[in-house]
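S.K.: Prediction below, plus the sequence it came from.
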Amino acid sequence: MRARSLLVLSAALVLALPGTAYANSVAVTVKTPGATAGPSGTFAEISTHADCGSGLVAGGGIDQAIGTGMSSNGNHINGTSPSPDGSTEYTGSTGVVGTDVTHWLGIGGSGGAVNASFSSTPYAMCLTSNVITHTQVVMNKVAGPSSAATVALVVATCPAGTRLLGGGARTTPADVGSLKPIASYPTFNNAGHDYGQKAAANGETNPDSWAAVGWNGGGGGTGNQTFVYAVCSGDNLDVSGVTVKVRFTEVAGPTSATSGQTATVGCGGGDGKLISGGAAISGGGVTGTDFTTPGSGGDHLNGSFPSDSGGSPVGDGTTTAAYWTAWGHSGGASSPNTSTDAWALCADDGV
């Protein structure tokens, strides 16, 4: 069975019970089809999708179930991103690549070992609002990382006059088993955040960008790419009354080999409704310094998903999700000075 750490948040991190203090027409329904098994072979991936029957995708996530034993060290997230139809990926020209998207992809990968019980569950955060009636997806990409124990960080920024709602990350190709996205987070395209190198911190409002970090623990591969996706409000909407608040937490670990760590954060009273979230496994301090790498080449993410306060993923059709959980895994080697990071984006349109 998968083991997850139970988190006891310190008093400094405990937030008020979820709720809103004033009018807010934002509503979010979580949609998920459940788990899809695979991949069944090494150096491979499977793609699955969650779809909004109503509303528009503000963001989404993925939760992976892995078996016990050393073979689980090779299972990792390869991507969590918007899609125009539930199968096609935005990997071509950069810039605004889609509008009013209603599908979200969850892509699970494998390295040199694979566990037969591995599966992936995608989650779509389906948003309705009297103000945010249209959305758009901005994509950016960068070559790499190709060398061992290196990262490629890329940022997508929302058009002026819009609001960031969520985002995602993707790395390709799948047959480079050491290549995976290890961070997907909200940020700002300004000097104070080193133009996306520093993540948005707890309590900051209206971030305008999303960052993705690709990690190549073992090196190698030709044509490696890292993609980032920002989901933004549509053009020509008056979003001056919309507030998107960031909630963030960082938890030490995982540090020992073949172990996992979770971090869970939620929207507090007056923050608005949970609309999306992000996750990272890092060297820590990601909101105060430029992104630093985790302690081992095998470190990876196994989850970034809407959850309850205890870190368990919510079910299909949930309309009261208020927390986001990140799940990091160390791989087969010890991982000193490693942290697991989670972000929740909470929105209030003031209507």
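M.R.: Alright, I've got the coordinates.
S.K.: going forward, measure contacts and count neighbours with C-alpha atoms only.
M.R.: Noted.
S.K.: so residue 98 touches residue 137, yeah?
M.R.: Yes. Counting by Cα atoms under 8 Å, residue 98 touches residue 137, with 5.2 Å between them.
S.K.: In terms of packing, which of these two has more residues around it?
M.R.: The neighbour comparison of residue 98 against residue 137 (other Cα atoms under 10 Å) goes to residue 137, with 31 against 16.
S.K.: name the helices or strands packed onto the helix or strand containing the more buried one?
M.R.: Using DSSP states H and E, residue 137 sits within strand 135-143. When contacts are defined as 3 or more Cα pairs under 8 Å, 6 or more residues apart in numbering; DSSP states H and E, strand 135-143 packs onto strand 95-99, strand 150-157, strand 225-233.
S.K.: which residues sit against it?
M.R.: Applying Cα atoms under 8 Å, 6 or more residues apart in numbering, the set of residues contacting strand 135-143 from outside is 56, 58, 82, 90-91, 94-101, 152-158, 223-235.
S.K.: Buried subset of those as a PyMOL selection?
M.R.: The PyMOL selection below is limited to those of those classed as buried (16 or more other Cα atoms under 10 Å):
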select buried, resi 56+58+82+90+91+95+96+97+98+99+100+101+152+153+154+155+156+157+158+224+225+226+227+228+229+230+231+232+233+234+235
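S.K.: The helix or strand harbouring residue 30: how far from the chain's middle?
M.R.: Assigned by DSSP H and E, residue 30 belongs to strand 27-31. Offset of strand 27-31 from its chain centre (Cα atoms, centre = their mean, to the nearest Å): 16 Å.
S.K.: Parallel or antiparallel, which strands does the helix or strand just after that strand pair with?
M.R.: Per DSSP H and E, the first helix or strand lying C-terminal to strand 27-31 is strand 36-37. Paired with strand 36-37 in the same sheet, following DSSP bridges, are strand 119-128 (antiparallel).
S.K.: what pLDDT, on average, does the strand it pairs with get?
M.R.: Averaged over strand 119-128, pLDDT sits at 97.
S.K.: Likewise for stretch 317-325?
M.R.: 98.
S.K.: then it to PDB, C-alphas only?
M.R.: What follows is stretch 317-325, C-alpha atoms only, in PDB (Å, rounded to 0.1, in the frame of the first residue of the first chain):
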ATOM      1  CA  GLY A 317     -18.100  15.800  -8.400                       C
ATOM      2  CA  THR A 318     -16.800  17.400  -5.200                       C
ATOM      3  CA  THR A 319     -17.800  21.000  -4.900                       C
ATOM      4  CA  THR A 320     -16.300  21.900  -1.500                       C
ATOM      5  CA  ALA A 321     -12.600  21.100  -2.100                       C
ATOM      6  CA  ALA A 322     -10.500  23.600  -0.100                       C
ATOM      7  CA  TYR A 323      -7.000  22.100   0.100                       C
ATOM      8  CA  TRP A 324      -4.200  21.100  -2.300                       C
ATOM      9  CA  THR A 325      -1.700  18.400  -1.700                       C
END
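S.K.: Okay, buried residues for that stretch please.
M.R.: 319-325.
S.K.: before we move on, what about stretch 51-65?
M.R.: By 16+ other Cα under 10 Å, the buried positions in stretch 51-65 come out as 51-52, 55-65.
S.K.: Give the other helices and strands that the host helix or strand of residue 166 contacts.
M.R.: According to DSSP H and E, residue 166 maps onto strand 164-172. Contacting strand 164-172 under the criterion 3+ Cα pairs under 8 Å, 6+ apart are the following elements: strand 56-65, strand 75-83, strand 179-187, strand 209-216, strand 225-233, strand 273-282.
S.K.: right, so of those, which gets closest to residue 342?
M.R.: strand 273-282 (4.6 Å; Cα to Cα).
S.K.: quick one: average pLDDT of stretch 220-237?
M.R.: Here the average pLDDT along stretch 220-237 is 96.
S.K.: Could you work out the end-to-end span of it for me?
M.R.: 45 Å (Cα to Cα, to the nearest Å).
S.K.: so how far is that stretch from its chain's centroid?
M.R.: 12 Å.
S.K.: swap in stretch 110-121?
M.R.: Relative to its parent chain, stretch 110-121 has a centroid offset of 19 Å by Cα atoms, centre = their mean.
S.K.: One more: stretch 310-329?
M.R.: 12 Å.
S.K.: Kindly report the same for stretch 104-117.
M.R.: Remark: stretch 104-117 is offset 16 Å from the chain centroid, using Cα atoms, centre = their mean.
S.K.: quick one: buried residues of it?
M.R.: So stretch 104-117, judged by 16+ other Cα under 10 Å, has buried residues 104-115.
S.K.: Go through those residues and name the one nearest residue 279.
M.R.: residue 106 (14.0 Å).
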